[in-house]
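Visitor: Quick one: sequence plus predicted model below, questions after.
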There are 2 protein chains.
Amino acid sequence: MPVTNPFIESKLKTADEIALLLPREVTIGASGFTPAGYPKVIPKAFAKRIESESSKTFSINLYAGASTGEELDGVLAKTGALRLRIPYQSNSYLRNLINTGKTDFIDMHLSHVVKYIEHGLLPEIDVAIVEAIDVSSDGKIYLTTSSGMSATYLKAAKEIYIELTDIHPIELKGYHDIYLPDHHSKGLAIPIHNVEDRVGLPYIQVPLEKIKGIVRTSVPDAAVEFKAPDSDCLQIAEHVLSFLQHEIKKGRIPKEYLPFQNGVGNIANAVLGSMAKDSSFHEIQMYTEVLQDSVFDLIDAGKLTVASTSALTFSQKGLKRFHENIGEWKSKFIIRPQEISNHPEVIRRLGLIAMNTALEVDIYGNVNSTHVMGTSMMNGIGGSGDFTRNSHLSIFMTPSLAKKGDISAIVPFVSHVDHNEHSTMIIVTEQGLADLRACPPKKRAELIIQKCAHPSYRPLLMEYFEDAVQNSPGKHSPHILSKAFSFHERFIATGSMKPRA
Amino acid sequence: MPVTNPFIESKLKTADEIALLLPREVTIGASGFTPAGYPKVIPKAFAKRIESESSKTFSINLYAGASTGEELDGVLAKTGALRLRIPYQSNSYLRNLINTGKTDFIDMHLSHVVKYIEHGLLPEIDVAIVEAIDVSSDGKIYLTTSSGMSATYLKAAKEIYIELTDIHPIELKGYHDIYLPDHHSKGLAIPIHNVEDRVGLPYIQVPLEKIKGIVRTSVPDAAVEFKAPDSDCLQIAEHVLSFLQHEIKKGRIPKEYLPFQNGVGNIANAVLGSMAKDSSFHEIQMYTEVLQDSVFDLIDAGKLTVASTSALTFSQKGLKRFHENIGEWKSKFIIRPQEISNHPEVIRRLGLIAMNTALEVDIYGNVNSTHVMGTSMMNGIGGSGDFTRNSHLSIFMTPSLAKKGDISAIVPFVSHVDHNEHSTMIIVTEQGLADLRACPPKKRAELIIQKCAHPSYRPLLMEYFEDAVQNSPGKHSPHILSKAFSFHERFIATGSMKPRA
C-alpha cells in the first residue's frame, strides 16, 4: 500500500510534468549523500527535456549532500548544462567534466556546507528535489536512506519537488534525527553527549505552499557492490587492529573503545570486517558519515551497539537485509544531517577514531586525499578533514602501490595537501604502520619510508631523503624543492614513477 | 610585602641550589606561553651549572606552553645540551639549532599537547618548573601571566620547582580559570557557552610532597616592544575592517559581532588598534591565546567587554598599566589553559573570527605559516590550525612582499602547507582582500593574484597560472609541477624570487 493523503494526491504529477516546471537557469539543492536517498526520476526527465530542447539555453548548479548516483549526477552531467557542483562527487562522467575545466566544482569540508548556504555565499537555491518515504498533509517530509543537506536545502529553496518512493518499508520513518544548530546563537552546545543521543525530529517541516509537485517512484538507490577484500586490504586491517590493541594496552584508548569513523571503500570495509572476526573487539560504536555493508558483519558478530551516520549506502543484498530487520534495527541506526555527523564540536567531544583513505602520503606525513598528480580531482575531501582534525586518533590508510606498481603512494612531497603533518597521526599501508605522533620531521620520514613504502620504492625515497638531509638549506624538514615532485614529473612524462632502467 | 607562609619558608632555596638538584638527563615541563610567566632564574642557574661541568654529560628536553623568553629558551639552547623542544618556539638561537639539525623540534597544534602528554606519547616529564605569585601551605599554586601547559606539566612531573615572583601585585590571583576536560569521559561537554564563563579554579592543586624547592625572584617577563604599525599593517587592517562591516551588512556576522581571535605580531595589533579607532566597532570580545598591548586600545576606547586568553604578553609600559588597574580589570580578562583557549569544541561553538599571519600563500589559497623556503622552521603552527579549522571566519594576513621585494608572499605553490584551501577563507595583503569562500580553484587563483599579489609579481604569477591552465594535465587545480617551486628555487639560487633582467 503506497502512502497517501489528500495533500499528496493533490500534488501528484509525472516526472515529465515536473521537469517542465524547472527553470532553464536553475540551482538545485538535492537530497542524497553517497548513492543513497537522492532523486532519480525528476533529474532524468529534466535531462530528457534539456536534450529535446537546446542544452545551451540551460544552466544548472547542482548541490547535494555528497556524491550521488548516475541517475542524478550522471544524467545531468551528460546534458552539458551542468555549470557548478558542490561539495563532493564521484561520478566518472562528471569528474571528467571537472578535470577538463568544463564544470566548476567546489570541494568543501562537508561540515562547512550548511553555513555557506545559510550565509548566501553560493548561488541561491531555486528548487529543492528530495526523495521521501512520506509527506504529511501539514508538510512534514520523511527522508529515505540519507539525511545529508536536505533540511537546509528544503529551507532555502523557493520551490520543492518530492520523489515519493515506495522502495523502502514505511518503518524507515523514525531513523532520522533532524537537528541543526543556529549558527549565531552563542551559548548553545550541541546536546549530543553519546553516539545514541537523539536530539531532533524524525522529519523536516516545510511550508505546504512551497511543495509544488510530488511524483511517485520505485527506483532503488544505485546499488554499491562490494568486492571481497584483497590481501592488501586485509593486511592493512591487520596492522590497524593490532595498533588499536596496542593503544588499549597503553591506556590511550579505553577498554570499551571509542566510537569509530570510517571512510568509504574497500579498505575501510576490510577493517570493520576484521574487527567483526577478531575476538578482542566487542561493543563497537560508529559515529560516521556513511554506513556500508560492513556494518552487517559487526551486527552478525553481535558487536554493534549503535551507529550514527548521514547515509545508509548498502548493496542490493544489504538493503534486503536492512528491510527485513527495519523494525528491530531502529535502535541501532541514527541518520543525522551532515552538519551533525561531521560536526567538529561533537567529533572532538566523543573522541573518535577516524580511519580514512589517502591517495598519497609524503615522507613527512602530509596527506593528499583529493588530487591525482596534484591537478585532477578524484572525489573530494568529503568529511576526512572534519574527522581528521578533531578526532582522538586519525588513521590514514592506502595500499603502497597503485597502477601495477607505476605509482608509489609514498612520495617525497605530496602534490596536494588535504591533511597536514600537524594533524595526521597514523599512516598504514599493507607494508606496515607508522605512528607519527610526537615525532620530529626526520623521524617521521624514516618511519614512513621504512614501514609504509613499498620495497620497490624505498631506495628511491631514501635517496631523496638523504640527499635532502645533506643538501637542504634548512635541516628541520629537509627538502630539495627542485626534486620534490620528481616522482610525479616522471609519472607524467613516462607513465611510471620508476626511473627507466 | 612578599607572600609567605611556613610551607614556602620551609622550601626556600637559591636557584643555584635547585640547579644542582636537576638530573643530568632531564625532561622539563615549564610554565610560559609566549614570553609570559616562564621560569627565569632556575634555567639560568642550570645553564651555569652545565657550563661549569661538561655539557656533553647533560641532555635536556624542554616542554613549555608555546614560546618563552631568552632566560629559558635562550640560556638552555646555548648550553648545547638541548635535545628536544615542543610545541612552539621563537628564540633565534634555538631556531638556528633546529634548522641546522642539532635540536629536534616537534611543531604541534597547541590543542594537542595536553593529550600527547597525558597519553605518554612523549618522553616523561621529570621536573616541572613554574613561575607563581603564591603557593599555599596546602599546595595550591597561583600562576602569573600565562596558563599554557602548567596544569598538565605540574600533574605529570615527579618533582616541582617554583619561582615565586614578587614582580606582580598579589591581585593577579583570580585571573586564572584552570579547567581541563577528562579525555575519555564521554558525555561531558566543555561548559563554556560565553567568552566570559569561568568554569574552573583560580589555582592548580598539587601534592605538597612533589614541591622540592621554591626560589624567590623579581625578574620580569622579557618585555615585548611594539613598533607603531607601518603603512602595510594599517592598509591590511583597513581591508579587514571594511570586510567585516560588509559581512555584518550581509548578515553573516551579527551586529554585536563574534569573538575575535588574533595572532601575535604587528599586523594583528594594527587590526585591533584600527578597530579601537573606528566608530563602527564597539563591544568587542576576544577569545584568543595571547593578549598584547593592543588590547589597551580597545579598553581606552571603551570597547572591550571581555577577553579570554592563555597569556598576557605586555610591553613594559603595558605591564605597568595592567598593574595599576589589576583590581578593576579582573572582570575583563580570563587566563585559561591552552587546551581550553584553543579547544575546537569551544572555538566552533562560539563562532570565532580568527585572524592569523601567513608566511606565504599560494594561488589556490593554501597557507604556509611555519617553514621558510619549505625547510627551515620559523616559529611553529601554534594555535593557527586550532583556530583556522574551526572558526566561523578564518582570515590570513601578510604583507605581499618580504626582504625588500626579493620574496613574494604569493607564490604558485606554497613550500609547506599548514592550512589548506578547504579551510582558509580570506587572504589579505596591503594590496587587497581575496574572499575565497565558495570559489572553485581557478577563481581563487584569479582573486589572489589580482587582489593580493604585489604588482611587481603579478605578471610572473599570471604567466605561471596561464601556463598551467593551458598545459596542466588536470584542469581542476591547474599546476605545472616542474615549475611549481620556481619562485623558491630562484630565491635559493639567486637571493631573489625575481628573474635576473
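Guide: That came in fine, so what should we check first?
Visitor: pLDDT on the helix or strand where residue A:16 lies, on average?
Guide: Counting by DSSP states H and E, the element that carries residue A:16 is helix A:15-21. When pLDDT is averaged over helix A:15-21, the result is 98.
Visitor: gap between that helix and the chain center?
Guide: 30 Å (C-alpha atoms, centre = their mean, to the nearest Å).
Visitor: before we move on, what about stretch A:18-25?
Guide: Mean C-alpha position of stretch A:18-25 versus that of the full chain (C-alpha atoms, centre = their mean) differs by 29 Å.
Visitor: ok, the most centrally placed residue in chain A - contacts?
Guide: By C-alpha atoms, centre = their mean, chain A has its centre lying nearest to residue A:382, at 4.7 Å. Taking C-beta atoms under 8 Å, 6 or more residues apart in numbering or on different chains, we find residue A:382 in contact with A:66, A:88, A:110, A:263-264, A:289, A:369. Bear in mind the C-beta positions are built from the backbone N, C-alpha and C, glycine included.
Visitor: Out of those residues, which is nearest to residue A:194?
Guide: Closest to residue A:194 out of the contacts of residue A:382 is residue A:289 (18.0 Å), distances taken as C-beta to C-beta.
Visitor: Around chain B, pick out the residues from the stretch 201-350 of chain A.
Guide: Contact residues, the stretch 201-350 of chain A versus chain B (C-beta under 8 Å from any C-beta of the partner chain): A:250-252, A:254, A:258, A:343-345, A:348-350.
Visitor: Show me just the buried residues among the residues you listed.
Guide: A:252, A:258, A:343-345, A:348-350 (16 or more other C-beta atoms under 10 Å in any protein chain shown).
Visitor: Where helices are concerned, which of those count?
Guide: The helices, defined by DSSP state H, take in A:344-345, A:348-350 from those.
Visitor: about what we covered before: save the contacts of residue A:382 as JSON lines, and put in neighbour count and secondary structure too.
Guide: Supplementary listing: those in JSON lines, determined by neighbours: other C-beta atoms under 10 Å in any protein chain shown; DSSP: H, G, I helix; E, B strand; the rest coil:
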{"residue": "A:66", "neighbour count": "30", "secondary structure": "coil"}
{"residue": "A:88", "neighbour count": "28", "secondary structure": "coil"}
{"residue": "A:110", "neighbour count": "28", "secondary structure": "helix"}
{"residue": "A:263", "neighbour count": "25", "secondary structure": "coil"}
{"residue": "A:264", "neighbour count": "24", "secondary structure": "coil"}
{"residue": "A:289", "neighbour count": "31", "secondary structure": "coil"}
{"residue": "A:369", "neighbour count": "28", "secondary structure": "coil"}
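Visitor: Of those residues, which is the nearest to residue A:148?
Guide: Nearest member of the contacts of residue A:382 to residue A:148, counting by C-beta to C-beta, is residue A:66, at 6.5 Å.
Visitor: Give me the three-state assignment for the residue lying closest to residue A:188 once chain neighbours are set aside.
Guide: Spatial nearest neighbour of residue A:188, excluding adjacent residues (C-beta to C-beta, 6 or more residues apart in numbering or on different chains): residue A:181 at 6.1 Å. Secondary structure, DSSP: H, G, I helix; E, B strand; the rest coil: residue A:181 is coil.
Visitor: Got the confidence number for residue A:181?
Guide: 87.
Visitor: And for residue A:189?
Guide: Reported pLDDT for residue A:189: 88.
Visitor: Can you list the low-confidence ranges for chain A?
Guide: Where chain A drops to pLDDT under 70, the residues are A:183-187.
Visitor: By residue count, tell me the biggest strand in it.
Guide: strand A:127-135 (DSSP state E).
Visitor: Show me how far it is from its chain's centre.
Guide: Between the centre of strand A:127-135 and the centre of its chain there are 21 Å (C-alpha atoms, centre = their mean).
Visitor: again, but for stretch A:102-120
Guide: How far stretch A:102-120 lies from its chain's middle: 14 Å, per C-alpha atoms, centre = their mean.
Visitor: quick one: contacts of stretch A:472-486?
Guide: A:364, A:374, A:412-413, A:415, A:441-442, A:464-465, A:467-469, A:471, B:98-101, B:105, B:371-377, B:415-416, B:481-482, B:484-485, B:488-489, B:492.
Visitor: In PyMOL, how would I select the buried members of those?
Guide: Those of the contacts of stretch A:472-486 that count as buried under 16+ other C-beta under 10 Å are selected in PyMOL with:
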select buried, (chain A and resi 364+374+412+413+415+441+442+464+465+468) or (chain B and resi 98+99+105+371+372+373+374+375+376+377+415+416+481+484+485+488+489+492)
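Visitor: show me the residues around the residue in the stretch 1-150 of chain A positioned nearest to chain B that make contact.
Guide: For the stretch 1-150 of chain A and chain B, the shortest gap (C-beta to the nearest C-beta) falls at residue A:101, measuring 3.4 Å. Applying C-beta under 8 Å, 6+ apart to residue A:101 gives the contacts B:442, B:469, B:475-476, B:478.
Visitor: one step back: helix or strand: which one has the residue nearest to the centre of chain A?
Guide: Counting by DSSP H and E, residue A:382 is part of no helix or strand.
Visitor: Okay, it and residue A:119: tell me how far apart.
Guide: Distance of residue A:382 to residue A:119, computed by C-beta to C-beta, to the nearest Å: 21 Å.
Visitor: repeat for residue A:296
Guide: Residue A:296 is 40 Å from residue A:119, where distance means C-beta to C-beta.
Visitor: Same question for residue A:468.
Guide: Counting by C-beta to C-beta, the gap from residue A:468 to residue A:119 is 43 Å.
Visitor: ok, now residue A:71?
Guide: Distance from residue A:71 to residue A:119, by C-beta to C-beta: 30 Å.
Visitor: for residue A:268, same thing?
Guide: 32 Å.
Visitor: Residue A:80 now?
Guide: Distance, residue A:80 to residue A:119, using C-beta to C-beta: 31 Å.
Visitor: Repeat that for residue A:313.
Guide: On the measure of C-beta to C-beta, residue A:313 and residue A:119 end up 29 Å apart.
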